[in-house]
Every structure is written in structure tokens, then in C-alpha cells.
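Colleague: Here you go, sequence then predicted model.
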Amino acid sequence: MKTKVIFIVFGLILARLSYSQVENLNSVGVRTLIPFFYFNALNFKGDDPKFTRVDLYIQIPYTQLSFVKEGNLFVATYEVTAGVYDSTDRLVTEKIWTEKIILGSYSEAISRNGSNISSRSFRLVPGNYRLKIFVQDQESKKNASATTELNVRAFHEPFALSDLLLVTRYSEIDSRKEVIPNITNNIIFNESGFYVFLEFYNHSPDTNFSLNCKITNSKGKSILEFNTPYQLTSSRTPIFLKVEKSDFSIGEYILTITAKSLDSTVKGSYSVSKRVFSRWVGIPRSISNLNKAIEQMIYITNRDRINELLKIEDEQAKYEKFMEFWRAKDPTPGTEENELMDEYYGRVEYANQHFSTYQEGWKTDMGMVFIILGPPNNVERRPFNYDTPAYEIWEYYSLNRRFIFVDYTGFGDYRLINRDFSEWFKYR
């Protein structure tokens, strides 16, 4: 029996602001190291068999936009440019559009749970392309861009599946469907599970099919698998598949949907996959491993407290104790945002992006100083020459302190030479 398996992932791409120098990054900048925008580009069968419809979804958190008060309302505007390029980097097609967001309160504008989703469709010949996206906030002129490979598939098989779209909320009242897509691909830890949307295309005489849903963790171990039978007589059938499992541990997973005919005419199967991420409510998006996040607390608590948390075997209990620690330090306990927690792990993420060498950036001397004290007021850099190693001097004017990092190896492994922690070893 010949099996047709197609593995396509149009998953989450995180577009980030780039900071080339640590002295250019202020405290607000660290907190906003969350993605400027998220996007999914998904394959669907077009009305013309020669073309495939690619739906592009863009999601921008409100926290990344500048809202201006207009009367009693708060307004933000941003522009999106999305271009599809061929293998020679020639522009094939481009769409430019503007989104205007109008909110009734300031609390909505600063909510980290708020975001705007827009979408556009492209009509493309199957093949390999490159997708380039540029987003700019019209008020602040802050912008971000992302580029990814775009594999546009054909749908000529007897039966086939579109790409997968996670759904944040799905409801059906009086035959009216309310669908809010989940462009971040984050599965929030809760009791209700989640939905997956896809289209089933049937060009065969068969009508009885089974959809197998399988979720594997980062080690390839299956943590959930179930089959759902369908009778599919239409050439195009939209499907909302409910995934009941709610107790995902924090981390990355692969979601795979496989269609197989239960009749005898058409043999084989057809599969599509997608990377998804599990997180708990209140945890910054940069945290993908709870144990590592606990280890990274070394600059804000003692080793005994860290070991106490790591010894908890039940994942839910460990999460609750972790959140209990950070809630006790929340400077604004009456709000949904824990600014200290966001700031701390924003610094950790920045350190990993900019100071990693043979070890992760948060473990380096530069990472340690940056996480504890934040961005320096000034940085002096001296490159390597024939008799002097490269070094950097970080100055903190308010502390009247300077820190000297020397790269003795020449491989970017900067070591702190004045290691007197007595006056400053406290998270600020």
C-alpha cells in the first residue's frame, strides 16, 4: 500500500526588534522584548486548480503599539507590507494595508492580553517562495520585519488537508460561528483544551474517513493520540477538531493531523503538522521550560529556594509555587501584569540573545550584571590589538560603579575582572 505523507509546517515566526548595543536599551525596551508581531501563512485549496490560496494572518499585541487619546477613545494605527518573492528574489506580489484600532479605555490599550488580528489572501502557483513582512506603528514609527520561506503546495491528491490553524475561541449559536484564530500558536494551560481548524478536500468516491490527531513532545514521545470518524461527501469541508487534553507541560510540541480513508477505493493517508507551544497563564512567553526558568532565578533568590522548587515533582504544584514566588514580588498586585517578572525574564532573554558564548548568556558575567542591574548608562569598547585583549567598560552613573569585562580568549568570552559583589549584588 502506497502512503502519501506531506509534512508542512507554517508555524509561528517571531519578529523582534533588534538592539545592536546594550547602552541603547532602556528599561522599557527590555520589557517589550516580546515579539512585535506574530504571523501564520497557511495553504488552502484555491477555486482555480492552477492556484493555491495562501492566507496570511498578522497578530500584533496592543503593548507593541502607541495609542493616542482622541476624545474619550484611544486610537492606534499601523501599516503592514507583505511581499512574496521568487527564488531570484523578484517580487511576485505584494499587499499593503493599514489597520486602525479604537478602544474605549486606557486599561484596554495597555493590556497584555489584547491584540489585533488582520489577514490577507494571496493567489499563488504552487512552488517555493520567500515571504517578507514589514510592520510599522504609525505614531511612534517603531517597526519590525520578518522573512521566512514559503512552501506553496498543490492539492491534486484524491483527498488532502489544508494547513492547520489553532483557534483561541470557537462557538456556534443559531448556526452562526464565532472563530478567533490563535496566531501565536501558544496553547494556554487551562481546563477546556483547544480547537484546530482545517479544510478537508475530497476528490475521491470515498466518503468515510478517519482523522488521527497526534501530539508529540520535543523528545518525540507521543503524549496524546485519538481518532475521529467523519463522513465527508463534499469536495471541501471545513472541520473544527476539538483537542480535549488540558494538562500540557510547558514546552514545545508537534501537532499532526492524518487523514485516512475507511472505504476500500482509495488507499493511503495524508498528513499535515504544526509546531505549537504550551504555556501557563501569567508566565512570560519567553519561558519555554519551567525548570530552566527556576534556575534563572539565581539573581533574585537563593540557591536553597531554587532547589526547593526544583524538587517538586508534580508539574502543576511546581507552577503554582513558582507563581506564588513572583506574585509576592508583583509591584502592582491589583493588575493582570507582573511588571517585575516581565522585566526580569526580559533581561534574561536579552542576555541569551546577546551574551551567549559556549554557555547561555544568562550564565555569563555580562548576563549576570545585565540581569541584576539592567542596561548600563554608558559602554566603552576597546577592540583587540596585538598586545591588549578586547574589553568593555559598563558604567552605571546612579550607582557610581563601573564594570570591566575582558575577552582574554578572543572568542567573545568576556570575563568580569572587578568581582566585588558586596555593594550591588541585588536585583534592581
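Modeller: Structure's in. What do you need?
Colleague: residue ranges of the helices in the chain, please?
Modeller: Per DSSP state H, the chain carries helices over the ranges 27-31, 106-109, 290-295, 303-310, 315-327, 339-354, 365-373.
Colleague: Now the longest one: buried residues?
Modeller: Within helix 339-354, the residues scored as buried using 16 or more other C-beta atoms under 10 Å are 340-352, 354. For glycine as for every other residue, the C-beta is placed from the backbone atoms N, C-alpha and C.
Colleague: circling back to that earlier point, compare the mean pLDDT across the helices of the chain and name the weakest.
Modeller: Mean pLDDT is lowest for helix 27-31 out of the helices of the chain, coming in at a mean of 47.
Colleague: Point out where this protein drops to low pLDDT.
Modeller: Within the chain, the stretches with pLDDT under 70 are 1-35, 173-175, 189-191, 246-247, 419-428.
Colleague: change it to 50
Modeller: Along the chain, the model assigns pLDDT under 50 to residues 1-20, 27-32, 427-428.
Colleague: Domains in it, by residue range?
Modeller: Annotated domains of the chain cover 13-153, 157-279, 290-416 [automatic domain parsing].
Colleague: Could you report the separation of residue 116 from residue 59?
Modeller: Applying C-beta to C-beta, to the nearest Å, the value for residue 116 to residue 59 is 7 Å.
Colleague: swap that for residue 114, please
Modeller: From residue 114 across to residue 59, the span is 11 Å (C-beta to C-beta).
Colleague: Between those two, tell me which one has more neighbours.
Modeller: Higher neighbour count among residue 114 and residue 59: residue 59, with 19 against 16, using other C-beta atoms under 10 Å.
Colleague: burial measure for the residue nearest to that one when sequence neighbours are not counted, as a count.
Modeller: Closest residue to residue 59 apart from its sequence neighbours, by C-beta to C-beta, 6 or more residues apart in numbering: residue 183 at 3.8 Å. Per other C-beta under 10 Å, the neighbour tally for residue 183 reads 21.
Colleague: List the contacts of residue 183.
Modeller: Going by C-beta atoms under 8 Å, 6 or more residues apart in numbering, residue 183 touches 12, 38-40, 57-59, 117.
Colleague: In ChimeraX, how would I select the buried members of the residues you listed?
Modeller: Typed into ChimeraX, the line below selects the buried ones among the contacts of residue 183, using 16+ other C-beta under 10 Å:
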select :12,38,39,40,57,58,59
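Colleague: nearest to residue 155, of the helices of the chain?
Modeller: The closest of the helices of the chain to residue 155 is helix 339-354. By C-beta to C-beta, the value is 39.0 Å.
Colleague: counting contacts, what elements does the closest one pack onto?
Modeller: On a contact count with 3 or more C-beta pairs under 8 Å, 6 or more residues apart in numbering; DSSP states H and E, helix 339-354 meets helix 27-31, helix 365-373.
Colleague: what angle separates that helix from helix 365-373?
Modeller: 160 degrees (axes from the mean of the first three to the mean of the last three C-alpha atoms, to 10 degrees).
Colleague: where's the residue nearest to residue 270 when sequence neighbours are not counted relative to residue 326, distance?
Modeller: With sequence-adjacent residues excluded and distances taken as C-beta to C-beta, 6+ apart, residue 270 is closest to residue 259, at 4.9 Å. Taking C-beta to C-beta as the measure, residue 259 falls 43 Å from residue 326.
Colleague: contacting residues around residue 236?
Modeller: So residue 236 contacts 45, 199-202 (C-beta under 8 Å, 6+ apart).
Colleague: want to throw those into TSV with distance to residue 240 and neighbour count?
Modeller: Below are the contacts of residue 236 laid out as TSV (distance: C-beta to C-beta, whole Å; neighbours: other C-beta atoms under 10 Å):
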residue	distance to residue 240	neighbour count
45	18	22
199	11	18
200	12	22
201	16	22
202	17	22
